[in-house]
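Novice: Sequence first, predicted model second:
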Amino acid sequence: MRHNTEIERKFLLTSDAFKAQAVESHEITQGYLCKDAGKTIRIRIRDARAFITVKSNILREGLAKFEWEKEIDLADARELMQLALPGVISKTRYIVPALSPAGETRKWEIDVFHGRLDGMVLAEIELADENEPFERPEWLGEEVTGQPRYYNANM
């Protein structure tokens, strides 16, 4: 079980050059059991593992969000996915290593969406602090952090 504060920045991309830098990729299916204002409950199947996640911006300020995540049985996740609200998401997530200017390890998570969202590609980076500087790869485009239309729960 994981409980923490999540601080992430989200961006559109200008090209698929990130693929040459990716060190791993995962197939993800995710559905939402709850999408209320300020909180979501998500079921995610990533490759052969499954998770339930609760996120909320009610308990945190600024870019920080409360996040609680627990791995669950894959069969249970598939059953819970049957209860998901309309709009289940399918995507491939690419992981690209990154370093902060201070030399701390970070990673870009680039989601290439499939199905009804085909053509949508988003990159996000989790930071330790809202003001933490980070290197911007050449493929990074417009920042869309905080724009609700780019929240997975709204897609």
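Specialist: Perfect, I can see it now.
Novice: drop to CA atoms for contacts and neighbour counts, all remaining ones
Specialist: Noted.
Novice: Would you confirm that Val121 contacts Glu109?
Specialist: No - distance between Val121 and Glu109: 10.5 Å, which falls outside the contact criterion (Cα atoms under 8 Å).
Novice: List the strands paired with the lowest-mean-pLDDT helix or strand in the chain, with their directions.
Specialist: The weakest-scoring helix or strand in the chain, judged by mean pLDDT, DSSP states H and E, is strand 2-13 (a mean of 81). Strand partners for strand 2-13, identified by DSSP bridges, are recorded as strand 64-72 (antiparallel), strand 121-126 (antiparallel), strand 140-143 (antiparallel).
Novice: pLDDT at the residue lying farthest from the centre of the chain, what is it?
Specialist: Distance from the C-alpha centroid of the chain peaks at Ala102, with 23.8 Å (Cα atoms, centre = their mean). pLDDT, Ala102: 76.
Novice: Below-threshold pLDDT in this structure: ranges please.
Specialist: Using pLDDT under 70 as the threshold, the predicted model of the chain has low-confidence ranges 1-3, 59-63.
Novice: how about a cut-off of 90?
Specialist: Counting by pLDDT under 90, the chain shows low-confidence ranges at 1-7, 36-38, 55-67, 99-105, 128-135, 146, 148, 151-155.
Novice: Break down it into its strands, ranges please.
Specialist: Per DSSP state E, the chain has strands spanning 2-13, 24-36, 39-46, 49-56, 64-72, 89-99, 105-113, 121-126, 140-143. These are given in chain order.
Novice: Noted, bye for now.
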